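[1] sequence and predicted structure, then a few things I'm wondering about:
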Amino acid sequence: MLKRFIRVDVHNYKVDYPDSCPICHHHGEISVVKTATVENGAGVQVVYQCAWEGCKSYFIGYYPPKPGSELKLLKPIKPQITQFPEVVAKLSPTFISVFQEAEETAALGLSQIAGPGYRKAFEFLIKDYAKSLAPDKCVFR
Ligand SMILES: [Zn+2]
């Protein structure tokens, strides 16, 4: 992640600068809209805006107190969804939808929920694959 100077209150200081938009995932220009020291100096928040015409979304970067430069969190985020080949989508559309929900859950940091979601997704994939190999012998519903 690149470092850049941003102006907070009356001082410039160097911080980790987001290199892509957490919503559309474009690697384009991101501009600083507003900065502030919050909670009596307990941290710094920066409102960024994605410059890509198709997005223009605002998001917030959370930093430790000055002169801390580490980008702790960006919010909101929209997870990047894994794309699967057409053959998988045809074989098991339920696998795709359950897997994508698990990915969204994981991106929110809810790993206790995401894990069983991934397992459920793979159960659908394996079951649908087995059905496609021997539809006449299928014991699954
Ligand atoms: Zn964007």
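    On my side now, so go ahead. Residues are numbered from 1 along each chain as shown.
[2] now the helix or strand bottoming out on mean pLDDT in the chain, how far from the chain's geometric center?
    Within the chain, no helix or strand scores below strand 73-75, which has a mean of 89 by mean pLDDT, DSSP states H and E. Distance of strand 73-75 from the chain centroid (Cα atoms, centre = their mean, to the nearest Å) equals 10 Å.
[3] so what's the residue nearest to the spatial centre of the chain up against?
    The chain has Pro79 as the residue nearest its centroid, 3.1 Å off, counting by Cα atoms, centre = their mean. When contacts are counted by Cβ atoms under 8 Å, 6 or more residues apart in numbering, Pro79 touches Glu103, Glu104, Ala106, Ala107, Leu108. Every residue, glycine included, has its C-beta placed from N, CA and C.
[4] on that earlier part again, the least confident helix or strand of the chain near the ion at all?
    No: using Cβ under 5 Å from the ion, strand 73-75 stays clear of the ion, with a minimum separation of 11.6 Å.
[5] following that strand, which helix or strand shows up next?
    Note on strand 73-75: by DSSP states H and E, the next helix or strand toward the C-terminus is helix 86-91.
[6] from the chain's centroid, how far away is that next one?
    Centroid separation for helix 86-91 versus its chain: 25 Å, with Cα atoms, centre = their mean.
[7] can you pull the buried residues of that helix?
    Within helix 86-91, the residues scored as buried using 16 or more other Cβ atoms under 10 Å are Val88, Leu91.
[8] ramachandran coordinates for Phe5?
    When read as degrees, to the nearest 10, the backbone of Phe5 gives phi -80, psi 130.
[9] any figure for the gap between the nearest residue to it once chain neighbours are set aside and the ion?
    In this structure, Phe5 finds its nearest non-sequential neighbour in Asn12, 4.6 Å apart by Cβ to Cβ, 6 or more residues apart in numbering. Distance of Asn12 to the ion, computed by Cβ to the ion, to the nearest Å: 25 Å.
[10] how many neighbours does Asn12 have?
    9 (other Cβ atoms under 10 Å).
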